[in-house]
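Visitor: build me a model:
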Amino acid sequence: MSAVTEALSEDGGALKVFDVSLVPAEPPEELVYRHKPQFLRSAVELVRRGEVIFTLAERDIRAQYKQAFLGIAWALLTPLVSLALLFILAKNIKGFSIGGHVPLILNMYVGLVTFGLFGGAIGGGSNSLVSNKALMAKSHFPRECFPLSQVLGSAFTSLMATVPLAILFAINGFLPRTASLWFPLYLAIEVVFTVGVVLLVSSVIVQMRDLQQIVPILMPLVMLITVLKPLSGEVHHRLVPNAGYFLAHGWMRSLFCFVNPMASIVDGMRNSVLLGFGPQWDILLPGVFGAVGYLIAGYVVFKRLEVNFADLT
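Guide: Residues are numbered from 1 along each chain as shown. Next up is the predicted model:
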């Protein structure tokens, strides 16, 4: 019986014959995008299987440095190379400074370390579903574990990058300010924002592979406009036409921080660590709302699209 199959019906156990040719090869497209996941239940399951995230992150970290001649030392050298390039660029921007006689190299590196968690997570997490398609087809744990493991791996790299920062502080005879104790707040906001964007980008890339080429192009640009003190007038009036108008209008600055929460995070971290200022709430709060918005949007889109991950990857 090659074209048909038999199954027991629920009423009386009688046999019914079905034509398997009528069974579609995949769900109708409209059903894929109308998929309504149970978000709370999914979040609880993700927390319950949290150890998978650590296992995947450890696997990727070991694989990243295992075959390298310098090994884990690359986690220290990579941010220093980026610092050298950014330092050269900043030196050619006349008048670039955040004030307070802060050495330029510290200004640059604090910004790089702060941005590094986000940038590294996006770089690795955007392709995490596509690159793990074989494992994803054989596993039953939450699919969010793949991009979230990249966030954890990026956090490890960022932690390693703080070692050169401590050395740079000692070389320049500069001590972090007491207001540096605000850093957990900025870190929490960055993690929320990063998780949201990673979930969003990784799920959309499964559907639109062109983004695999676009993300590596966009990230250096985002890094430049964020680390080069986007909220600083002395920089913007040289980099962006009519920047004085932009900075003079609070609602436009708030909108910028909402769209790019990393701007307010990097600015706040620099002001606290290097200048001793507490959070500037007029620019930090829009960043908080933006980060939460990205998290909600990223998780909703991810759960809506995950029903089709196995077929498209």
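Visitor: from here on, contacts and neighbour counts on C-alpha atoms
Guide: Noted.
Visitor: so where's this structure uncertain?
Guide: 1-36, 67-72, 74, 92-100, 229-250, 310-313 (pLDDT under 70).
Visitor: where do the strands sit along it?
Guide: Remark: strands assigned in the chain by DSSP state E are 4-8, 15-19.
Visitor: for the stretch 51-200 of the chain, which segments count as helices?
Guide: Secondary structure of the stretch 51-200 of the chain (DSSP state H, counting those that start in this stretch): helices at 74-91, 104-125, 128-131, 133-138, 145-171, 183-207.
Visitor: now the ones you listed in TSV, with distance to Asp282 and mean neighbour count?
Guide: Formatted as TSV, the helices of the stretch 51-200 of the chain follow (distance: least, CA to CA, whole Å; neighbours: other CA atoms under 10 Å):
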stretch	distance to Asp282	mean neighbour count
helix 74-91	26	15
helix 104-125	20	22
helix 128-131	35	21
helix 133-138	43	13
helix 145-171	27	20
helix 183-207	14	22
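Visitor: of the ones you listed, which approaches Arg59 most closely?
Guide: helix 145-171 (9.5 Å; CA to CA).
Visitor: now the closest one and helix 74-91, what's the angle there?
Guide: Using axes from the mean of the first three to the mean of the last three CA atoms, to 10 degrees, the direction of helix 145-171 lies 60 degrees away from that of helix 74-91.
Visitor: which other helices and strands does helix 145-171 contact?
Guide: Secondary-structure packing of helix 145-171 (3 or more CA pairs under 8 Å, 6 or more residues apart in numbering; DSSP states H and E): helix 50-66, helix 74-91, helix 104-125, helix 128-131, helix 183-207.
Visitor: select, out of the helices of the stretch 51-200 of the chain, the one closest to Phe54.
Guide: Closest to Phe54 of the helices of the stretch 51-200 of the chain is helix 145-171 (CA to CA; 6.5 Å).
Visitor: relative to helix 183-207, how tilted is the closest one?
Guide: Helix 145-171 runs at 140 degrees relative to helix 183-207, counting by the same axes, to 10 degrees.
Visitor: got a list of what the closest residue to Leu112 other than its chain neighbours touches?
Guide: Of all residues not flanking Leu112 in the chain, Val227 sits nearest, at 6.5 Å (CA to CA, 6 or more residues apart in numbering). Applying CA atoms under 8 Å, 6 or more residues apart in numbering, we find Val227 in contact with 108, 111-112, 115, 263, 266.
Visitor: pick out the most distant pair among the residues you listed.
Guide: Longest span within the contacts of Val227, CA to CA: Met108 and Ala263, 13.8 Å.
Visitor: Glu306 is nearest to which of the helices and strands packed on helix 145-171?
Guide: helix 183-207 (7.2 Å).
Visitor: the closest one packs against which elements?
Guide: Under the contact rule (3+ CA pairs under 8 Å, 6+ apart), helix 183-207 is packed against helix 104-125, helix 128-131, helix 145-171, helix 261-270, helix 281-305, helix 309-312.
Visitor: what helices and strands are in contact with the second one?
Guide: It refers to helix 128-131. helix 145-171, helix 183-207.
Visitor: could you find the closest non-adjacent residue to the spatially most central residue of the chain?
Guide: In the chain, the residue lying closest to the centroid (CA atoms, centre = their mean) is Thr194, at 3.3 Å. Among residues not flanking Thr194 along the chain, Phe118 sits closest, at 5.5 Å (CA to CA, 6+ apart).
Visitor: please report how far that neighbour lies from Met262.
Guide: As for Phe118, its distance to Met262 is 8 Å (criterion: CA to CA, to the nearest Å).
Visitor: list the residues that contact Thr162.
Guide: Contacts here follow CA under 8 Å, 6+ apart; on that basis Thr162 touches Val113.
Visitor: residue numbering should commence at 18 henceforth.
Guide: Sure, I'll start counting at 18 from here, so that last one is Thr179.
Visitor: how much space separates it from Pro164?
Guide: Distance, Thr179 to Pro164, by CA to CA: 23 Å.
Visitor: same list (the helices and strands packed on helix 162-188) but as CSV, adding distance to Phe191.
Guide: Output for the helices and strands packed on helix 162-188, formatted as CSV (distance: least, CA to CA, whole Å):
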stretch, distance to Phe191
helix 67-83, 32
helix 91-108, 18
helix 121-142, 9
helix 145-148, 39
helix 200-224, 18
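Visitor: and Pro278, what does it touch?
Guide: For Pro278, the contacting residues are 207, 210, 301, 303-305, 307-308, by CA under 8 Å, 6+ apart.
Visitor: before we move on, back to that, with distance to Phe319 as added columns, please give the helices of the stretch 68-217 of the chain in JSON lines.
Guide: Converted to JSON lines, the helices of the stretch 68-217 of the chain look like this (distance: least, CA to CA, whole Å):
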{"stretch": "helix 91-108", "distance to Phe319": "30"}
{"stretch": "helix 121-142", "distance to Phe319": "13"}
{"stretch": "helix 145-148", "distance to Phe319": "11"}
{"stretch": "helix 150-155", "distance to Phe319": "15"}
{"stretch": "helix 162-188", "distance to Phe319": "11"}
{"stretch": "helix 200-224", "distance to Phe319": "5"}
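Visitor: alright, calling it a day.
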